[in-house]
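Trainee: A predicted structure for the sequence below; I have some questions about it.
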Amino acid sequence: MDSKSVSSAQRMLRKAASAAALFVATLAGCGHEAQVSAPATPQVSVIAARRETVPVTSELPGRTSAYLVAQVRARVDGIVQKRDFQEGSHVSTQQRLYQIDPAPYRAALESAQAALARARANLASTRAQAERDEVLVAANAISQQKYDNDVAAQAQAAADVAAGIAAVRVASINLGYTDVVAPISGRIGPALVTQGAYVQASAATLLATVQQIDPIYVDLAQTSVEGLQLRQQMAAGRIKLNGPDQTPVRLLLEDGSSYARSGKLEFTDISVDAGTGSVSVRAIFPNPDHVLLPGMFVRAIIDEGTDSHAMLIPQEGVTRDRTGRASVLVVGPDNKVTKRPVSASRTLGESWVVEGGLNDGDRVIVSGLQRVQPGMLVRATAVVASSQPQPPMASELPARAGQ
């Protein structure tokens, strides 16, 4: 074979080798693409649902109201001579607030005292006359009619003395009313009359208002539905109440901060308001620093008891549909995802309190929900649920609130 033929054969062999190498590379690339495009099993994080004791609380809106309220009104007619208090200050019981002109009432008292003295003198005279006539009538020196008249005159004089005593007492009381005093201890509001104003007892002129705000009431409104659910859970044995004398109440102020002192429930109304469908609940709180003022809007958290059958599921693991029904995704023993409707009506910390729909040990998906659908096969990684923080209790009082 000549050299030209050998060169041609070598070139053909090199082309065949290159084509074979390209074919193998192509097959390898196709196999790699097939391997990459194969769907991967999604991975999710799950927690194991466990029943535990969960505090049962109610957060109710309400307003503060004074423990005692006294409207200071005029009880006699007259001109206000002076005011003896500073607006907004603390006043004590029987502290004088206003002075009404006492001159006419002092004169009325003196007149009543004089009339009483005259009645007493007349009583002494008629008594002596009756005593003398008693001896004379026994000796038939005077007629029985004369003696009877003297005895009647003595009784009338005694009645005049009693009326005089009452008149003196009334005049003394009216004179005392010219000193307008505080009926209770507390914080006094603005003065509603000024010096020189004419006040009337018949019109019950309002002079000022005194309010005792330590302790202070908080009037709350609980819907009748919430009250019904609570009673049903109590009847089923799911909730154990602490008792009315031990039920603590915490307070959230208008700015969202917590009130430093805890209170207690006073009473719950037994009637439902037909207009609002709510039941009135009253709590009492100590207020030594006067942080709470009457009329403030607050929210009270009432610790009503405990529920030993509930489960705490992180909020990211619970979803709701358009109608508001709650559900969770559960990984079954075969690692397939199922959708489970649950009952979750309230939260505690960062978790939903699930009261039904789950069993002990159910693996609830809390991470990766967007990548899975019911029926899919998943790889589940267990995570430890962080311990749920209990609602912060306000500092306990050294004694019961309101005492």
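Mentor: Looks like it came in fine.
Trainee: Could you measure from residue 259 over to residue 186?
Mentor: Distance, residue 259 to residue 186, using CB to CB, to the nearest Å: 20 Å. Every residue, glycine included, has its C-beta placed from N, CA and C.
Trainee: Same question for residue 315.
Mentor: Residue 315 sits 45 Å away from residue 186, going by CB to CB.
Trainee: out of these two, which sits in the busier spot?
Mentor: Set side by side, residue 315 and residue 186 show more neighbours around residue 186, with 22 against 13, by other CB atoms under 10 Å.
Trainee: Give me the local confidence score for the more buried one.
Mentor: Confidence at residue 186, expressed as pLDDT, is 94.
Trainee: Just list the residues touching it, thanks.
Mentor: Counting by CB atoms under 8 Å, 6 or more residues apart in numbering, residue 186 touches 66, 68, 70, 90, 91, 210, 211, 212, 213.
Trainee: With adjacent residues omitted, what lies nearest to the fifth one?
Mentor: Okay, so that is residue 91. Setting aside the residues directly before and after it, residue 91 is nearest to residue 182 in space (CB to CB, 6 or more residues apart in numbering), at 4.5 Å.
Trainee: which regions of the stretch 201-350 of the chain lie under the pLDDT threshold?
Mentor: Scanning the stretch 201-350 of the chain for pLDDT under 70 picks out the ranges 230-231, 233-234, 236-247.
Trainee: What segments of the stretch 101-250 of the chain are helices?
Mentor: Taking DSSP state H, counting those that start in this stretch as the test, the helices found in the stretch 101-250 of the chain are 103-138, 144-177, 224-235.
Trainee: Which among the ones you listed is found nearest to residue 264?
Mentor: helix 224-235 (17.6 Å; CB to CB).
Trainee: List the buried residues of stretch 89-101.
Mentor: 90, 91, 97, 98, 99, 100 (16 or more other CB atoms under 10 Å).
Trainee: Spell out which helix or strand contains residue 63, please.
Mentor: For residue 63, the element it lies in under DSSP states H and E is strand 51-73.
Trainee: which helices and strands does that strand pack with?
Mentor: Strand 51-73 sits against strand 186-188, strand 206-223, helix 224-235, strand 278-285, strand 297-314, strand 337-348, with contacts defined as 3 or more CB pairs under 8 Å, 6 or more residues apart in numbering; DSSP states H and E.
Trainee: what would those look like in a markdown table with distance to residue 270?
Mentor: Shown next, in a markdown table, are the helices and strands packed on strand 51-73 (distance: least, CB to CB, whole Å):
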| stretch | distance to residue 270 |
| --- | --- |
| strand 186-188 | 30 |
| strand 206-223 | 13 |
| helix 224-235 | 10 |
| strand 278-285 | 8 |
| strand 297-314 | 17 |
| strand 337-348 | 25 |
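Trainee: so which of the ones you listed gets nearest residue 104?
Mentor: Nearest of those to residue 104, taken as CB to CB: strand 206-223 at 19.0 Å.
Trainee: okay, that closest one in PDB with CA atoms only?
Mentor: The C-alpha trace of strand 206-223 is given here as PDB (Å, rounded to 0.1, in the frame of the first residue of the first chain):
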ATOM      1  CA  LEU A 206     -73.900  71.500  92.300                       C
ATOM      2  CA  LEU A 207     -70.800  72.900  93.800                       C
ATOM      3  CA  ALA A 208     -68.100  70.300  93.100                       C
ATOM      4  CA  THR A 209     -67.500  66.500  92.700                       C
ATOM      5  CA  VAL A 210     -65.300  64.400  94.900                       C
ATOM      6  CA  GLN A 211     -64.100  60.900  93.600                       C
ATOM      7  CA  GLN A 212     -62.300  58.200  95.500                       C
ATOM      8  CA  ILE A 213     -60.000  56.500  93.000                       C
ATOM      9  CA  ASP A 214     -57.900  54.200  95.300                       C
ATOM     10  CA  PRO A 215     -59.000  51.500  94.800                       C
ATOM     11  CA  ILE A 216     -60.700  52.000  91.400                       C
ATOM     12  CA  TYR A 217     -63.300  49.900  89.500                       C
ATOM     13  CA  VAL A 218     -62.900  48.600  86.000                       C
ATOM     14  CA  ASP A 219     -66.200  47.900  84.300                       C
ATOM     15  CA  LEU A 220     -65.800  45.300  81.500                       C
ATOM     16  CA  ALA A 221     -68.100  43.800  78.800                       C
ATOM     17  CA  GLN A 222     -68.100  40.100  78.000                       C
ATOM     18  CA  THR A 223     -70.200  38.800  75.100                       C
END
